[in-house]
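Participant: next input, structure requested:
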Amino acid sequence: MKFLSVFMSVLMAFSVAFSAPAKQLGPVVITPSTLRKELLSRNIGIAISLNDVQQAKAQVAQARGNLLPSVNLGSLISSGPIFMLTSVSMLLPFLMPSNWMNLRESTWLLRAQATSHYLAELNAYASAYSLYYTILGDMQLRESIYHQYQNLRAIEEELRIPADMGTVRMEEYLQAQAQAEMAFIQVSQLDEVIKTERAAIRKMLGLDLSQEISFVPVAISASSVEGQLPQDLIEQVHKNSPETVQMSHMITAAQYATWSKGFSFLSGASLGMSRSVDGGAFSSVTRNGSVNLGFGYFPALELSNLNVQQLQLRKKELRLEQAQVLEVAFGALEEAHKQHEAAQKAHLNLEQVYEAEYFRYKMGLTDILHVLQAANSLSSALVNKVKAETALNTLRVTLHRTMITDEFSQIQPCEIERRSSGGIRGKLGRIFNPDKDNVTLDQVCGR
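Facilitator: Model (predicted):
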């Protein structure tokens with residue numbers, strides 16, 4: 001009886017556990033800082049980029065492993081249970097300069113891939129950051145248009161009964177109704193845009209469909225270089241930008257690849273000992289090597305040199321692209337300031353005009369058409385104001401991204417962490433490590 005009661009208790013516990021509702025995921029509050037943290041930890045594209053760095057690290061380990069010696073044992077087995085060791089050969093790949101060049105090339109490609117991951121984080125956050133301010137602008141515009149829609153709908157209701165009674169022209173009522181419907185269409189269009197933008201943010205952050213997303217408005221700070229000239233910044237930007245660092249790493253890797261092609265005619269360095277089949281002692285050590293120089297050697301060497309030249313030209317082109325970004329951003333920012341100031345004045349003036357026309361209409365001093373015309377002008381001014389604010393914010397995001405300031409300064413470069421090793425392993429590390437220091441690769445980008 002006691003066993004039965006225990007069994008029923010366990011059964012009830014299992015039934016309660018399986019019938020418990022799934023845990024609901026909490027809402028995600030989006031600010032510039034939370035957006036950065038969520039993006040860096042959840043974005044799939046950034047995770048793929050990190051995986052590319054891990055693969056580059058594995059290639060370095062493979063290139064280092066190719067330097068280690070290998071032993072080949074030759075043997076003779078007769079028809080009976082007789083085993084005879086006839087030769088011993090040891091391949092010594094670390095004597096080949098091309099293998100060392102391959103290791104150096106892989107190491108610099110790893111550094112270039114690490115910088116590529118850092119760029120992936122910066123660029124992904126720049127896109128999300130710009131989208132954040134675009135959504136805020138659309139939400140602000142939607143709220144204002146919806147408020148105007150409610151006013152127009154109220155005017156329509158005021159005119160409905162007088163229009164049916166004939167005290168107000170039916171054309172005025174129809175005009176008010178059409179104006180309200182047009183405002184409703186604008187609200188619906190903005191809702192559609194905001195839903196699309198919200199879905200884009202959800203994808204960037206890898207959020208579940210059941211999670212709510214709320215956006216908290218946070219003003220972006222002005223860039224410290226807004227008052228400067230682009231020509232005064234280009235050298236600083238080009239020298240310190242991650243794109244330039246990545247290109248320098250790739251050029252160095254390509255130069256080592258060229259040296260590897262240059263030494264590729266040397267191969268097969270080995271040491272060997274052999275003995276006679278009749279059981280004699282091993283003979284003296286023999287040293288073997290080979291030289292392979294085919295018709296494809298010089299074309300391959302030329303292709304490597306051309307690859308280095310192409311990367312150097314790409315680095316020069318990168319500087320021109322950075323200069324173009326600065327020139328366009330500063331020019332657009334100057335015009336955005338002008339547009340924003342003018343849009344604010346226009347919106348303030350037309351808001352007063354609309355309120356005055358509506359007051360005159362209430363007093364019977366004008367007709368509804370003048371009120372609706374003022375409402376149209378106010379809507380246009382409101383749209384221009386929000387567009388100017390959004391453009392100003394997104395241009396500041398571009399400047400902060402270029403100068404690695406504001407929230408971008410919180411994104412740390414991808415560093416290949418190293419761990420010291422001692423003893424015999426450390427001495428071997430000094431032999432096979434390309435940087436000739438007593439370290440081994442430990443972590444990639446701090447992960």
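
Participant: need the strands for the stretch 51-200 of the chain, in chain order.
Facilitator: Taking DSSP state E, counting those that start in this stretch as the test, the strands found in the stretch 51-200 of the chain are 70-77, 83-91.

Participant: and if you look at the stretch 251-400 of the chain?
Facilitator: Per DSSP E, counting those that start in this stretch, the stretch 251-400 of the chain carries strands over the ranges 266-274, 286-291.

Participant: for the closest residue to Asn384 other than its chain neighbours, give me its contacts.
Facilitator: The spatially closest residue to Asn384, leaving aside those adjacent along the chain, is Ala343, at 4.5 Å (CB to CB, 6 or more residues apart in numbering). No exception for glycine: its C-beta is placed from N, CA and C like everyone else's. Listed by CB atoms under 8 Å, 6 or more residues apart in numbering, the contact partners of Ala343 are 381, 384-385, 387-388.

Participant: helices of this protein, start to end?
Facilitator: With DSSP state H as the definition, the chain shows helices at residue ranges 2-19, 32-42, 44-65, 97-165, 170-205, 234-240, 242-262, 297-362, 368-403, 423-432.

Participant: residues contacting the residue lying closest to Tyr354 once chain neighbours are set aside?
Facilitator: Distances taken as CB to CB, 6+ apart put Ala374 closest to Tyr354, at 4.2 Å, once the chain neighbours are dropped. Applying CB under 8 Å, 6+ apart to Ala374 gives the contacts 350, 353-354, 357-358.

Participant: apply 6 Å and report the result again.
Facilitator: 353-354, 357 (CB atoms under 6 Å, 6 or more residues apart in numbering).

Participant: thought Arg153 was touching Ala180?
Facilitator: Yes - in terms of CB atoms under 6 Å, Arg153 counts as a neighbour of Ala180; the distance is 4.7 Å.

Participant: the two: who's more crowded?
Facilitator: Neighbour totals were compared for Arg153 and Ala180, and Ala180 leads with 22 against 17 (other CB atoms under 10 Å).

Participant: circling back: nearest to Asn240 among the contacts of Ala343?
Facilitator: Checking the contacts of Ala343 against Asn240 by CB to CB gives Ala388 as the nearest, at 31.1 Å.

Participant: check what pLDDT Ala180 gets.
Facilitator: The model reports Ala180 with a pLDDT of 91.

Participant: one more: Ser89?
Facilitator: Among the per-residue scores, Ser89 holds a pLDDT of 55.

Participant: do the same with Tyr256
Facilitator: Model confidence at Tyr256, expressed as pLDDT, equals 85.

Participant: sketch out the low-pLDDT regions of the stretch 201-350 of the chain for me.
Facilitator: Low-confidence segments of the stretch 201-350 of the chain, defined by pLDDT under 70: 259-303.

Participant: what number of residues lie near Arg360?
Facilitator: 15.

Participant: mind listing what it touches?
Facilitator: Arg360 is in contact with Thr366, counting by CB under 6 Å, 6+ apart.

Participant: measure it to Val371 for me?
Facilitator: Per CB to CB, to the nearest Å, Arg360 is found 8 Å from Val371.

Participant: I figured Leu392 was touching Ala336, is that so?
Facilitator: Yes - between Leu392 and Ala336 a contact is recorded at 4.6 Å, counting by CB under 6 Å.

Participant: got the contact list for Asp406?
Facilitator: Neighbours of Asp406 in contact, by CB under 6 Å, 6+ apart: His400.

Participant: mind checking pLDDT for it?
Facilitator: On the pLDDT scale, Asp406 is placed at 94.

Participant: ok so, going back, and the residue nearest to Asn384, how far from Leu372?
Facilitator: 22 Å.

Participant: again, but for Met204
Facilitator: 41 Å.

Participant: equivalent analysis for Leu318, please.
Facilitator: Separation of Leu318 from Leu372 (CB to CB) stands at 54 Å.

Participant: could you do Pro413 as well?
Facilitator: With the distance defined as CB to CB, Pro413 ends up 57 Å from Leu372.

Participant: more neighbours, those two?
Facilitator: More crowded of Pro413 and Leu372, by other CB under 10 Å: Leu372, with 22 against 16.

Participant: nearest residue to that one other than its sequence neighbours?
Facilitator: Of all residues not flanking Leu372 in the chain, Gln179 sits nearest, at 4.9 Å (CB to CB, 6+ apart).

Participant: what do you get for Arg104?
Facilitator: Closest to Arg104 by CB to CB, 6+ apart is Tyr256, at 4.2 Å.

Participant: tell me which residues touch the one you found, please.
Facilitator: Residues near Tyr256 by CB under 6 Å, 6+ apart: 101, 104-105.

Participant: contacting residues for Asn305?
Facilitator: Shown in contact with Asn305 (CB under 6 Å, 6+ apart): Thr258.

Participant: and the nearest residue to Thr252 once chain neighbours are set aside, how many neighbours?
Facilitator: Spatially, and ignoring its direct neighbours in sequence, Thr252 is nearest to Trp108 (4.6 Å; CB to CB, 6+ apart). Close neighbours of Trp108, defined as other CB under 10 Å, add up to 21.

Participant: same check, this time on Thr34
Facilitator: Neighbour count for Thr34, taken as other CB under 10 Å: 14.

Participant: and what of Gly227?
Facilitator: Residues lying near Gly227 (other CB under 10 Å) number 8.

Participant: same question, Ser33
Facilitator: For Ser33, the neighbour count with other CB under 10 Å is 11.

Participant: swap in Ser98?
Facilitator: For Ser98, the count of nearby residues is 17 (other CB under 10 Å).

Participant: how far away is Asn123 from Asp191?
Facilitator: 29 Å.

Participant: ok, now Ser98?
Facilitator: As for Ser98, its distance to Asp191 is 63 Å (criterion: CB to CB).

Participant: correct me, but Gln179 touches Gln373?
Facilitator: No - here Gln179 does not reach Gln373: they are 9.5 Å apart, not a contact under CB under 6 Å.

Participant: neighbour count winner among these two?
Facilitator: Under the criterion of other CB under 10 Å, the comparison of Gln179 against Gln373 puts Gln179 first, with 24 against 15.

Participant: might one say that Lys385 is in contact with His347?
Facilitator: Yes - contact criterion CB under 6 Å: Lys385 and His347 qualify, at 4.6 Å.

Participant: of the two, which one has the most company?
Facilitator: More neighbours surround Lys385 than the other of Lys385 and His347, with 23 against 20 (other CB under 10 Å).

Participant: got the contact list for the more buried one?
Facilitator: By CB under 6 Å, 6+ apart, the contact list for Lys385 reads 343, 347.

Participant: and if you look at Val353?
Facilitator: Going by CB under 6 Å, 6+ apart, Val353 touches Ala374.

Participant: at 8 Å instead, please
Facilitator: With contacts defined as CB under 8 Å, 6+ apart, the neighbours of Val353 are 374, 377-378.

Participant: what of Ala257?
Facilitator: 101, 105, 304, 307.

Participant: just put those residues in CSV and tack on distance to Val216 and neighbour count.
Facilitator: As requested, the contacts of Ala257 are exported to CSV (distance: CB to CB, whole Å; neighbours: other CB atoms under 10 Å):
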residue, distance to Val216, neighbour count
Met101, 54, 22
Glu105, 48, 23
Ser304, 53, 19
Asn307, 49, 17
